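Asker: here's a sequence, model it:
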Amino acid sequence: MELSLALKFVHVISALVWFGGGLGLAVLGTFFERRGDLRTGVAVVTVIAVLGPVVFLPASVLALMSGAMLFVIGGLPWTAWTILSLPLVASAFGLGAGVVRPTGERIALLQEAGHEGIAIDMTRRVLRVARLETALLVAIIVLMVARPGWGEHDILAPTGALVILATLTFFMRRRPLTI
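Answerer: This next block holds a predicted model:
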């Protein structure tokens, strides 16, 4: 098997694992949050925190390294999809490794120490971050698959709108419903 094909397999599989971890956290955590079962949401965050350093962080690093190697050995040009993907990848990686993982670990410690209220509050906050990270990863996947140029607004505009809406939603405070 030639090197570029092997790197593509490694890149896609590791990206799937990375995306799957974020998506699992965002979907399951949000599901239990909407059901009002934040104790189970805390459990989901705790499991992801345990798996993070041994599964999701190595997968994300492997995806980044194999992607960089593919870019270099494939002689890929600096076009819209490559340039726009870089800050999205950096943001998604930073959110996962720098916010979700350490916050999940703190939540697990708080839960073990019997501070359930604080753990639940932190779970709500980390789920917002996980939803933003997932949206960024979706945008990256769109750019990687479609590989748009600067003139392909039919792909760039909706992808940009997704990133903007996800970011705005992240910064909006959730207000209680009033009846």
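Asker: now for this protein: which helix has the highest residue count?
Answerer: In the chain, taking DSSP state H as the definition, the longest helix is helix 3-35.
Asker: residues of the helix or strand following it that come out buried?
Answerer: Secondary structure here is assigned by DSSP states H and E; on that basis, the next helix or strand after helix 3-35 toward the C-terminus is helix 38-51. Residues of helix 38-51 classed as buried under the neighbour-count rule (16 or more other C-beta atoms under 10 Å) are L38, G41, V42, A43, V44, V45, T46, I48, A49, L51. The way it works is simple: take the backbone N, C-alpha and C, and place the C-beta from them, glycine included.
Asker: which one of these is nearest F9?
Answerer: In terms of C-beta to C-beta, no member of those lies closer to F9 than L51, at 22.1 Å.
Asker: show me the contacts for that closest one.
Answerer: Residues in contact with L51, defined by C-beta atoms under 8 Å, 6 or more residues apart in numbering, are G21.
Asker: please enumerate the helices of this protein.
Answerer: Counting by DSSP H, the segments of the chain that form helices are 3-35, 38-51, 57-73, 80-95, 101-112, 116-146, 153-171.
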